[in-house]
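Trainee: I would like the atomic coordinates for the input below:
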Amino acid sequence: MQGIVGKSSTRITYLFNTPGTHTLPGIEVPWFNTKTQKTEIATLPPHTFTVIADKIEATTPTIPQPTELKTVFGFSNPVTIWMITTLVLVLILFALFIKRLLSRPLFTKKTETKESPLLSTRHIKQQLKQACYNNNTTAAAQALLRWASLKWPSNQFLHLKQITEHCHHSALTREIAHLTEALYRQMDSQPWHGEPLWEAFEHYTNKRYHEKKPQKKPLPELNPR
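Mentor: As a prediction, this is how the structure comes out:
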């Protein structure tokens, strides 16, 4: 009885782009021999071909296809396009610079102005008054320290007790003590009233207007009788 017979065919197509001698490698195909009950290898030896150029292709010159160049403002030269692009970018940056320059004042006079001590003292007094009427202990203490630094510039004031050592005013010293006490008991429910501090401070700063100038004693007569 005849068994099943199988057949396999493999076709490979080679395209040679250049003329000359070309060698195809050998092929090895493993297969099973049913008669010997062994695996065998079918081989195809290498084959060498000589490829000859086509006469028509060899004599016909290749016509280069025209390349499409992008044009900018009607120019197709790459160097010209690069120069035009650079010029446009420079003009845009210059326009932005001019716009920013025009948005600033034409004339700016940069001068360092030193605030007058009188104006500074007046401003600090206004801050102290507002802090006292708002019962703001922290703002009142800061205003007092700034005022003392202007009044006695040779001293460095770090706490309120230093002010009482210089002012020698009983009412102001008493109210500064109350302010210091209120700063240390801010968590208590008892509020601090700053109006008495402002009244004492105002009386101290305006004391010179209430002081009477000492009257000069008349000179004795030159020829008393």
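
Trainee: can we go C-alpha only for contacts and neighbour counts from here?
Mentor: Will do.

Trainee: Low-confidence bits of this structure, can you list those?
Mentor: Across the chain, the ranges flagged by pLDDT under 70 are 1-6, 55-76, 104-119, 186-189, 207-225.

Trainee: can I see the domain layout of it?
Mentor: 20-57, 117-210 (automatic domain parsing).

Trainee: Comparing those domains, which stretch has the densest surroundings?
Mentor: The highest mean neighbour count among the domains of the chain, using mean count of other C-alpha atoms under 10 Å, belongs to domain 117-210: a mean of 16.

Trainee: rewinding a little: make TSV out of the domains of the chain and add distance to I98.
Mentor: Shown next, in TSV, are those (distance: least, C-alpha to C-alpha, whole Å):
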stretch	distance to I98
domain 20-57	64
domain 117-210	40
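
Trainee: Can you say which of these is nearest to F97?
Mentor: Among the domains of the chain, the nearest to F97 by C-alpha to C-alpha is domain 117-210 (40.2 Å).

Trainee: The closest one: how far from the chain's middle?
Mentor: The chain centre lies 41 Å from the centre of domain 117-210; the measure is C-alpha atoms, centre = their mean, to the nearest Å.

Trainee: Next SSE downstream of the top helix by length along the chain?
Mentor: As assigned by DSSP state H, the longest helix anywhere in the chain is helix 78-102. Sequence order places helix 117-133 as the next helix or strand after helix 78-102, per DSSP states H and E.

Trainee: So what touches that next one?
Mentor: Residues outside helix 117-133 that contact it (C-alpha atoms under 8 Å, 6 or more residues apart in numbering): 137, 139-140, 143-144, 146-147, 150, 193-195, 197-198.

Trainee: swap the cut-off to 10 Å and go again
Mentor: 116, 134-151, 192-199, 201-202, 205 (C-alpha atoms under 10 Å, 6 or more residues apart in numbering).

Trainee: got the CA coordinates for that helix in CSV?
Mentor: The C-alpha trace of helix 117-133 is given here as CSV (Å, rounded to 0.1, in the frame of the first residue of the first chain):
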residue,chain,number,x,y,z
PRO,A,117,12.9,114.4,60.5
LEU,A,118,10.0,116.8,61.2
LEU,A,119,7.8,115.1,58.6
SER,A,120,8.9,111.7,59.9
THR,A,121,8.0,112.6,63.4
ARG,A,122,4.7,114.0,62.3
HIS,A,123,3.9,110.8,60.4
ILE,A,124,4.9,108.6,63.4
LYS,A,125,2.8,110.7,65.7
GLN,A,126,-0.2,110.1,63.4
GLN,A,127,0.5,106.4,63.5
LEU,A,128,0.7,106.4,67.3
LYS,A,129,-2.6,108.3,67.6
GLN,A,130,-4.4,105.9,65.3
ALA,A,131,-2.9,102.9,67.2
CYS,A,132,-4.0,104.4,70.6
TYR,A,133,-7.6,105.1,69.4
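
Trainee: which element follows it toward the C-terminus?
Mentor: As assigned by DSSP H and E, the chain's next helix or strand after helix 117-133 is helix 137-151.

Trainee: which secondary structure elements does that next one contact?
Mentor: Judged by 3 or more C-alpha pairs under 10 Å, 6 or more residues apart in numbering; DSSP states H and E, helix 137-151 is in contact with helix 117-133, helix 161-167, helix 170-184, helix 195-205.
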